[in-house]
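Colleague: Sequence isn't available, so here's the structure alone:
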């Protein structure tokens, strides 16, 4: 059961990432569909969101299946493909947000990108520190 509790936490976190990114992607796409002509930033934003929506939505569906069948672990190749598509969807959605903000005001896109890098480094170090603390106990 302990193996599932770790998996259950990962599923909850993954669902929050996917749900939030799907929501923001759809909100931006809704605005872009009313535009008659897209500039380069809006064009790349629409492309990025279009690439992000299917893998993020599929990840939510896979998570529902994993929650129901607790002990059914698929082959390693399939697991790697699912995780790879999840990461691709997250990156595509983040690129879509950056370019959508760039479309609104270029400095907003740059600031979002800078903060995204900073937050990734800080939280990455935090997680590494927590993992090292667990190993010492």
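Modeller: Received the coordinates, thanks. This structure is a prediction, so every number in the text was calculated from the model and none was measured. Numbering: from 1, shown residues only.
Colleague: List the residues that contact the spatially most central residue of the chain.
Modeller: Central residue of the chain (Cα atoms, centre = their mean): residue 90, 2.6 Å from the mean position. By Cβ atoms under 8 Å, 6 or more residues apart in numbering, the residues touching residue 90 are 17, 21, 52, 56. Using the backbone N, CA and C atoms, a C-beta is placed for each residue, glycine as well.
Colleague: Quick check: what element follows the helix or strand of the chain with the lowest mean pLDDT along the chain?
Modeller: Ranked by mean pLDDT, DSSP states H and E, the helix or strand of the chain with the weakest confidence is helix 2-33, at a mean of 83. Downstream of helix 2-33, the first helix or strand assigned by DSSP states H and E is helix 40-68.
Colleague: List the buried residues for the helix or strand that that following helix is followed by?
Modeller: Proceeding N to C from helix 40-68, the next assigned helix or strand is helix 76-104, under DSSP H and E. Buried residues in helix 76-104, counted by 16 or more other Cβ atoms under 10 Å: 82, 85-86, 89-90, 92-103.
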